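Colleague: give the three-dimensional model of this entry:
(chains A, B, C and D)
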Protein chains: 2
Amino acid sequence: MARPSTTTVRDLRKNNRSRALWQVFLNGPLTRQEVGTVAGLSPATVSNLVAALVAEGVVVEVGLEDSNGGRPRGLLQVNPGYGYVIGVDVGETAFLVELFDFGLNLRAQHASVTDMSVLDPEDAVSHIVEGIESVIAEAGVEPASILGVGVAVPGLVEHRGDAVVHGQSVGWHAVPLEAMLRDRTDLPILVDNGAKTLGQAERWFGAARGTDNAVIVLLGTGVGTCIVSNGEVYRGATSSAGEWGHTTVCVGGRTCRCGADGCLEAYVGAGAIAARYEQLKRRRVTISPSELESRVASIIAARDSDRAAAQVIDETITYLGAGIADLVNLFNPERVVVGGWLGRALGDDLLPRIREAAGRRALHLPFSRVEIVTADLGQDAVALGGATLPIARLLTAGAVAPRHPEKPRRVRASTPG
Amino acid sequence: MARPSTTTVRDLRKNNRSRALWQVFLNGPLTRQEVGTVAGLSPATVSNLVAALVAEGVVVEVGLEDSNGGRPRGLLQVNPGYGYVIGVDVGETAFLVELFDFGLNLRAQHASVTDMSVLDPEDAVSHIVEGIESVIAEAGVEPASILGVGVAVPGLVEHRGDAVVHGQSVGWHAVPLEAMLRDRTDLPILVDNGAKTLGQAERWFGAARGTDNAVIVLLGTGVGTCIVSNGEVYRGATSSAGEWGHTTVCVGGRTCRCGADGCLEAYVGAGAIAARYEQLKRRRVTISPSELESRVASIIAARDSDRAAAQVIDETITYLGAGIADLVNLFNPERVVVGGWLGRALGDDLLPRIREAAGRRALHLPFSRVEIVTADLGQDAVALGGATLPIARLLTAGAVAPRHPEKPRRVRASTPG
DNA sequence: CGACTTATTCCGGGCCGTAAAATAGCGGGG
DNA sequence: CCCCGCTATTTTACGGCCCGGAATAAGTCG
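Modeller: Numbering: from 1, shown residues only, chains lettered A, B, ... in the order given. Modelled structure (predicted):
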């Protein structure tokens, strides 16, 4: 949420505008009174701000709430037609591009696959740009009405000037993705780490909704987190905070693909689960990235019948519990959300056991204050999270620059003179 | 640093006052122009705010800076005589109470020892109150001029209403320390975790100065951290964030005094170091808390001559490196400060090896962005940090309520009419 | 039509930034 | 030795903007 540092009396209005707008955006239809309560503003100010937002087409009044004897309360909501945003999920094996309206309703999507194990940045940019053009065409919206594009990538993103991506798993070293995209499109570009966008999506619309201190865990081929602290995504000094996968859970343990020993990912990553299973079966199989998901799913499914599967799952739960306990101790969240395709696959049945494993290791007090739950959102949560990036920027700025709203300005009901 | 959420035009002034005051407090003598620059205020506003602060005795003008041809710049500093604060360090074996003036210059101190292994809360309160009375008498200051007392305790502190302390290592379960102290004294009481106060002290005056994202590590009998994020101490949902000692670095490893296996503290805590050494020597000795410090020091000192000592130190460095690497990955700080008595003892010579051990496990990018250094402040850093608590509260509030400054109000030079 | 609740308008007190004026030292010339 | 002009800093005056409280308008229901 916006937490600006105000100095002048004009910033004051911008901030209050931003606060009101955030509330209306996130907490759905709200009456003016409710906006005043949650944003800490007087009725007069709310009225004033809302009038401006409605006149600019950012907010619309949708219906009225039943009154008990008095004037009915008008319900305010963000105007979906105010503009559009695009979210891009750059995965290790696939691209997903989605276009949403300002209410984050899906309007168009475009998926493409790459079977290369190493992703060429130029190729990736082409995939992205192609996807963007495709969804704009499919949705039939004016390019000028696109508020921005949020690109989620698997890797660390540094924001010193233009965003630069370091993605070990896809072989990217200091790829200036933002600049490369800006060369190919005029749309405003925002780049962030995929776990962080997933986390933001879960926080706005999913299982982390309503918490100001949460950890959203992304389990898949890689293992990452999004830390939400005081209502904002925790970034650290250079925006790479939350890298959980290569924390050490067992000094001297299994060797990780990063080279170190005993990383969490070497136990709970999808590749590690499959590899440990094959090792127990004394087989030497290399599993391609594309079939990893089904292989792991069948291991999870076979845990009651297959001894090796049971052992691998047991171990996975133990280590995952240790990793989650570390997060609970260090971050003291209200809620831990387990997501990612592997997280959802594990969480379906095994969440109680994961919870228990974490509880055995976490400190009693912070553990008693945390809920551990599975993620709500589906496959496209990362792309949705990407789409939240330009929206967050806009809301924090208070939606100042007038856009091209589909609904024209409302004329106020009062007499014109 | 203050990051308030403003709504009305009056809050605006309070916030700007607070910002200016924080700057003057932390960044020593500053000219009005510099205050304007760092706080983002116009010269006119600075002049206005400073005039009020000087009239109230919060800030004083100390000397002039040489001019290059024009009117010399006046240097502004906090008025040390504006009030006094008391910091209390409740250790596992000793109490330290210190009284400081508003410039945090030490004015009086009082130490007392307890040889109980389990600390009775009532006894602790008596020790604290006695210490407070002693330092007030020694310094010869008016009780009314005490701005507040900051109490640092070894354990988790929950701030829901009055502070409640959960200190496993001293056998405290939900001790309502704040309420207990309030029964015995009228001074404003603030309670926080000792690692967090140490961290705040290091950040204001020590090795973490000038960083907005730092991790201050406290190594001693216990193992804790203070996470500084965006210039503020990271607390999490219930203020217990940063509990590093019981994160798991080796699933299936040594049993910790908390009952779990493979906790970091079971390898790098002072007790663990001594115990591992005795174990290697095949001796069965119980070491009393009071002699622990010298025992560990002698192990560290003997590392070149004594094989067992060398092995214990090697292992300690490996595990400490793993723990620090985890912090670097998860929090992405600009700086890691290694403090506490054990941290200083290790850091003196072994810091390069610790750094190297961390570098082997941390992700390359965040590790390349972090400095690992030893703490600057001495034995009384925890008490000093306690004293910062009431000061921080005052600065954030903007020092509104007039106190009893020793220097009376300055009369402005202009004509009285 | 009156009661009641909600929304808007008006007004007053405050705040900050811009611009102009006052302040304060310095050095050189008379 | 004194005074004046130079320069840079600080203060003051003024205008524009903002929010909250109270009065006013708007909109339903009985």
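Colleague: so how many other residues sit close to the residue in chain A that DNA strand C sits nearest to?
Modeller: Proximity of chain A to DNA strand C (Cβ to the nearest atom of the strand) peaks at residue A:70, 1.9 Å away. Every C-beta, even on glycine, is put in place using the N, C-alpha and C of the backbone. Using other Cβ atoms under 10 Å in any protein chain shown, the number of residues around residue A:70 comes to 6.
Colleague: quick check: it is in a helix.
Modeller: No - going by DSSP: H, G, I helix; E, B strand; the rest coil, the assignment for residue A:70 is coil, not a helix.
Colleague: go through the host helix or strand of residue A:324 and flag the buried ones.
Modeller: Residue A:324 is located in helix A:307-331, with elements delineated by DSSP states H and E. For helix A:307-331, the neighbour count (16 or more other Cβ atoms under 10 Å in any protein chain shown) marks A:308-309, A:312-313, A:315-331 as buried.
Colleague: the helix or strand hosting residue A:274 near chain B at all?
Modeller: Remark: residue A:274 resides in helix A:270-280, with elements defined by DSSP H and E. No - on the criterion Cβ under 8 Å from any Cβ of the partner chain, helix A:270-280 is out of touch with chain B, staying 13.8 Å away.
Colleague: which parts of that helix are buried?
Modeller: Buried-residue list, helix A:270-280, by 16+ other Cβ under 10 Å: A:270-278.
Colleague: so which of these comes closest to DNA strand D?
Modeller: residue A:270 (50.0 Å).
Colleague: is it true that that closest one touches residue A:221?
Modeller: Yes - with contacts counted by Cβ atoms under 8 Å, residue A:270 reaches residue A:221, the gap being 5.0 Å.
Colleague: tell me, what's touching those two both at once?
Modeller: residue A:292 (Cβ atoms under 8 Å, 6 or more residues apart in numbering or on different chains).
Colleague: re the thing from before, and the helix holding residue A:324 with chain B, contact?
Modeller: Yes - using Cβ under 8 Å from any Cβ, helix A:307-331 reaches chain B at A:318-319, A:322-323, A:325-327, A:329-331.
Colleague: widest-spaced pair of these?
Modeller: Pairwise distances among the residues of helix A:307-331 next to chain B were taken by Cβ to Cβ; the largest, 20.6 Å, belongs to A:318 and A:331.
Colleague: hang on, the earlier thing: for the residue of chain A closest to DNA strand C, phi and psi?
Modeller: The phi/psi pair for residue A:70 (degrees, to the nearest 10) reads phi -120, psi -160.
Colleague: distance check, it against residue B:336.
Modeller: Using Cβ to Cβ, to the nearest Å, residue A:70 is found at 60 Å from residue B:336.
Colleague: kindly report the same for residue A:107.
Modeller: From residue A:107 to residue B:336 the distance is 46 Å (Cβ to Cβ).
Colleague: for those two, indicate the residue with more neighbours.
Modeller: Under the criterion of other Cβ under 10 Å, the comparison of residue A:107 against residue B:336 puts residue B:336 first, with 24 against 19.
Colleague: residues contacting that one?
Modeller: So residue B:336 contacts B:214-217, B:324, B:327-328, B:358, B:370-373 (Cβ under 8 Å, 6+ apart).
Colleague: and the pLDDT at it?
Modeller: If you check residue B:336, the pLDDT there is 98.
Colleague: next, the nearest residue to residue A:254 once chain neighbours are set aside: secondary structure please.
Modeller: Leaving aside its chain neighbours, residue A:254 sits nearest to residue A:266 (4.2 Å; criterion: Cβ to Cβ, 6 or more residues apart in numbering or on different chains). Counting by three-state DSSP, the backbone at residue A:266 sits in helix.
Colleague: okay, and residue A:132 sits in which element?
Modeller: helix A:121-139.
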